[in-house]
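Visitor: Take a look and give me a structure for this.
(one chain, ligands or ions: 1)
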Amino acid sequence: MAPISNGPDLVEYEDANMENQVPLVSSYNDHIRPLLDAVDKLRHLKVMNEGIQLPTIVVVGDQSSGKSSVLESLAGINLPRGQGICTRVPLVMRLQHQPTPTPEVFLEFNGKTVYTDEARAADAISLATDEIAGDGKGISNTPLTLVVKKKGIPDLTMIDLPGITRVPVHGQPEDIYEQITGIITEYIRPEESIILNVLSATVDFPTCESIRMSRQVDKTGERTLAVVTKSDKAPEGLLEKVAADDVNIGLGYVCVKNRIGDESFEDARKEEAQLFKKSSTSLQD
Ligand SMILES: Nc1nc2c(ncn2[C@@H]2O[C@H](COP(=O)(O)OP(=O)(O)OP(=O)(O)O)[C@@H](O)[C@H]2O)c(=O)[nH]1
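Guide: Next comes the predicted model:
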């Protein structure tokens, strides 16, 4: 999943067969997992409401940039995806590798726990979102936690936030832009946050609202990482665009082609590999 990157090396989770764990992955699990668990426990105790900041990967992007698609590739389960606003509340995704073959998937919100499974996770998230933010197109700052315990997934906790939209659509409050940017700013301002900025390859990066926002709180880009989606839609000149780094992304770029429609995760990865093989061959010509 990391065909182009000018930042620090990333652990290649997809190929990390957990049964034959390479030393880096096993030491990651031994040393990092307990720290992530401690951070999650503190998050659960709502210490952030007391002004104590916790290290967090925050996923931001303009509306329909592909945030949920990136996260579902990492978690290997379906999330609500589509045109228009899908993510309407902060979605805290806790991914945890577990050795047993049967995955465990549940949601935590409004003080309750709702068990679901991989096939029904997207619907369960949509229902929980309706319960928290109403069944229209409004948004809420009350978080929804999704816990996925599954063999072979990376140990990571990330927060997906509503996509930035300037113009309210029918049924949205007039101040939707202010509401969304207010929530995003709250999550990306703390210096402990790593900003995962999801950018579509089809747009000019300097025109992205999410870039404008992340630069406001992280001028040098030292805690910002870019994931460029929809590489299949605009492969021409993508390498040059990323290499030019006009928008100052300190932690580097990762270009991806996500799953489209009902495509399986496996087929999507094959298509992605094929796309980047083709692009790198044409670059060598
Ligand atoms: N062709 C192509 N389509 C993609 C890719 N990534 C996402 N999409 C499509 O783009 C649309 C938006 O994707 P989402 O993942 O829902 O975007 P999002 O940023 O989470 O959306 P909001 O949270 O609602 O703002 C969906 O129809 C996806 O299938 C990609 O790499 N290639």
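Visitor: so what's the closest residue to the ligand within the stretch 151-285 of the chain up against?
Guide: Nearest residue of the stretch 151-285 of the chain to the ligand, counting by Cβ to the nearest ligand atom: G163, 2.2 Å away. Every residue, glycine included, has its C-beta placed from N, CA and C. The contact partners of G163, by Cβ atoms under 8 Å, 6 or more residues apart in numbering, come to G61, D62, Q63, S64, S65, K67, I85, C86, T87, I180.
Visitor: Only whichever of these are buried, select them in ChimeraX.
Guide: Restricted to buried positions by 16 or more other Cβ atoms under 10 Å, the ChimeraX selection for those reads:
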select :61,62,63,64,65,67,85,86,87,180
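Visitor: re the thing from before, now the residue of the stretch 151-285 of the chain closest to the ligand: closest residue in space, sequence neighbours ignored.
Guide: Q63 (3.4 Å; Cβ to Cβ, 6 or more residues apart in numbering).
Visitor: ok, the residue lying closest to T229 once chain neighbours are set aside - how many residues close by?
Guide: In space, and not counting its chain neighbours, T229 is closest to G66: 3.4 Å by Cβ to Cβ, 6+ apart. Residues within reach of G66, counting by other Cβ atoms under 10 Å, total 23.
Visitor: Likewise for the one 3 residues further on?
Guide: By the other Cβ under 10 Å criterion, the neighbourhood of S69 contains 22 residues.
Visitor: can you check the one 3 residues further on too?
Guide: The tally of other residues near E72 (other Cβ under 10 Å) stands at 22.
Visitor: a strand runs through it, doesn't it?
Guide: No: using DSSP: H, G, I helix; E, B strand; the rest coil, the assignment for E72 is helix, not a strand.
Visitor: What sits closest to it if chain neighbours are left out?
Guide: Nearest non-adjacent residue to E72 (Cβ to Cβ, 6+ apart): L79, at 4.3 Å.
Visitor: just A122 next, same as before
Guide: N78 (4.3 Å).
Visitor: State the distance from the residue nearest to T229 to N197.
Guide: 12 Å (Cβ to Cβ, to the nearest Å).
Visitor: for Q216, same thing?
Guide: Taking Cβ to Cβ, one finds Q216 at 12 Å from N197.
Visitor: The two: which is more packed in?
Guide: N197 (30 against 12).
Visitor: Now do whichever strand or helix holds that one: distance to the chain's middle.
Guide: Following DSSP states H and E, one finds N197 within strand 193-200. Strand 193-200 sits 8 Å away from the centroid of its parent chain (Cα atoms, centre = their mean, to the nearest Å).
Visitor: for stretch 102-119, same thing?
Guide: With Cα atoms, centre = their mean, you get 19 Å for stretch 102-119.
Visitor: What backbone torsions are found at the residue nearest to G163?
Guide: Phi and psi for Q63, reported as degrees, to the nearest 10, are phi -60, psi 140.
Visitor: Which residue, other than its chain neighbours, is closest to V70?
Guide: V227 (5.4 Å).
Visitor: give me the number of residues near the one you found?
Guide: Around V227 there are 24 residues (other Cβ under 10 Å).
Visitor: With the one 4 residues further on instead?
Guide: S231: 22 surrounding residues under other Cβ under 10 Å.
Visitor: Just list the residues touching it, thanks.
Guide: With Cβ under 8 Å, 6+ apart, S231 has these contacts: A201, L238, C255, V256, K257, E272, L275, F276, S279.
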